[in-house]
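> quick one, fold the following:
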Amino acid sequence: MGGVAGKAETMCVPETKLEAKMVEAMQRRASKGTAVKSFNSIILKFPKIDQSLRKCKAIFEQFDEDSNGAIDHGELKKCFHKLEVSFTEEEINDLFKACDINEDMGIKFNEFVVLLCLVYLLKANATAPEAKSMGMPNLEATFETLVDAFVFLDKNKDGYVSKNEMVQAINESGERSSGRIAMKRFEEMDWDKNGMVTFKEFLFAFTSWVGIDDMEDEEGEEEEGRVV
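Okay, here's the model as predicted:
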């Protein structure tokens, strides 16, 4: 069983330049280890992480200049300039495409949270010290917690989380129904169903787990109520 898992993991090849950069950054970060001891300890941090990520809403609204509930490509470039994020045009395009999961040419709030965390990971992997900070210490601490959680799950430090690694992480928590829980959590993360979870997929699942998606749904219903 272990041999099969190892074989599957070595076959995983980044599909885009951005994914390759994320994998490299995560591998470098994994070499430093993780403070996370169990999957349960991650779950216990959900409320604090949720509270911190919701504070991104003010940043999101600041750059959603036309207040249409989404950040377009031009608004994202202004956002990066304001946050002193020095990415190339190609990198900005790649990030926009990667996080615009419903392909409507706009970054919704949950997509924006994921995008900022990816930016944090890529900046943390930068060689120049001045390039590493986004100027948002509290938010960056939360992003570091998410990176730390992924490193904990990525047992072989290859930049991806496999099904076996998820089972191992849940098993370590001592849950009686750990196998079933692990499968459910993994299915929620593995959006493209290729048997391996990228950091981006992990982040989208995480925003759903802590309720960021629900927050958007509630606001959408309020808007509809006002229209009616």
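> pLDDT below threshold where in the protein?
Flagging of the chain using pLDDT under 70 yields the residue ranges 1-11, 125-135, 173-179, 213-228.
> tell me where it has strands.
In the chain, the segments counted as strands under DSSP state E are 161-162, 196-197.
> each with direction, which strands does the first one pair with?
Using DSSP bridges, the strands paired with strand 161-162 in its sheet are strand 196-197 (antiparallel).
> give the contact list for the closest residue to residue 65 other than its chain neighbours.
Nearest non-adjacent residue to residue 65, counting by C-beta to C-beta, 6 or more residues apart in numbering: residue 75, 5.7 Å away. In short, each C-beta sits where N, CA and C put it, glycine included. Residue 75 is in contact with 63, 64, 65, 66, counting by C-beta atoms under 8 Å, 6 or more residues apart in numbering.
> quick one: residue 75 from residue 145, how far?
Note on residue 75: its distance to residue 145, by C-beta to C-beta, to the nearest Å, is 27 Å.
> cool, residue 95 as well?
Between residue 95 and residue 145 the distance is 21 Å, computed by C-beta to C-beta.
> do residue 196 as well
Relative to residue 145, residue 196 is positioned 22 Å away (C-beta to C-beta).
> neighbour count for these two, which is higher?
Applying other C-beta atoms under 10 Å to residue 196 and residue 145 shows that residue 196 carries more neighbours, namely 20 against 16.
> any idea what that one is bridged to?
With DSSP bridges as the criterion, residue 196 is bridged to residue 162.
> is it true that it touches residue 15?
No - counting by C-beta atoms under 8 Å, residue 196 does not reach residue 15; the two are 10.7 Å apart.
> filter the contacts of residue 75 to the buried ones?
Buried members of the contacts of residue 75, scored by 16 or more other C-beta atoms under 10 Å, are 63, 64.
> check the contacts of residue 75 and tell me the two furthest apart.
Largest separation among those by C-beta to C-beta: 63 and 66, giving 10.5 Å.
> give me every residue that touches the residue lying closest to residue 142 once chain neighbours are set aside.
Leaving aside its chain neighbours, residue 142 sits nearest to residue 52 (4.1 Å; criterion: C-beta to C-beta, 6+ apart). Taking C-beta under 8 Å, 6+ apart, we find residue 52 in contact with 138, 139, 141, 142.
> next one: the nearest residue to residue 12 once chain neighbours are set aside from residue 78, what distance?
Distance criterion C-beta to C-beta, 6+ apart; nearest residue to residue 12, sequence neighbours excluded, is residue 196 at 4.7 Å. Distance of residue 196 to residue 78, computed by C-beta to C-beta: 34 Å.
> then residue 90?
From residue 90 across to residue 78, the span is 18 Å (C-beta to C-beta).
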